[in-house]
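>>> Using only what follows, build the 3D model:
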Amino acid sequence: MRVVEAHSVRRMSVVGLSYGGFIGYSIAAQYPAAVESLVICCSAVCMEEKDLKDGVFRISDLEEAAEILVPQTPDRLRELMGFTLYQGQPLRLIPSCILNDFIHVSDSIS
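Take a look at the predicted model:
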């Protein structure tokens, strides 16, 4: 939003694809006056807790889903990245220090 505000954009349309749907939803929820329209494609924003228990994530609640989708540890980041790969074996080869740096930089941007 700082970039949007720096360019004097007062209202905008937001399109979020997959994980971007979560980001678009978050922007619209935090800055409703700035979002004129929102399109969410191929995203699980409307997932309910029963969907999480029975679905692809197989997790216990929405809090655990948030911990995966906004990872704070290298293991959670590996888990998130694993959802994008058919075979996740290469993820174990990424050193935790690199993943920690990625998490730290991601947190400082938001």
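>>> Just name the shakiest helix or strand of the chain by mean pLDDT.
helix 49-54 (a mean of 64; mean pLDDT, DSSP states H and E).
>>> For whatever helix or strand comes next after that helix, name the packing helices and strands.
Next helix or strand after helix 49-54 toward the C-terminus (DSSP states H and E): helix 62-69. Helices and strands touching helix 62-69, by 3 or more CB pairs under 8 Å, 6 or more residues apart in numbering; DSSP states H and E, are helix 49-54, helix 74-82. Bear in mind the C-beta positions are built from the backbone N, C-alpha and C, glycine included.
>>> What residues of stretch 22-37 count as buried?
Residues of stretch 22-37 classed as buried: 22-25, 27-28, 34-35 (neighbour count, 16 or more other CB atoms under 10 Å).
>>> In strands, which of the residues you listed appear?
V35 (DSSP state E).
>>> With respect to A6, which of the buried residues of stretch 22-37 is nearest?
Comparing the buried residues of stretch 22-37 against A6 with CB to CB places A34 closest, at 13.1 Å.
>>> so who does that closest one touch?
Neighbour list for A34: 1, 4, 9-12, 27 [criterion: CB atoms under 8 Å, 6 or more residues apart in numbering].
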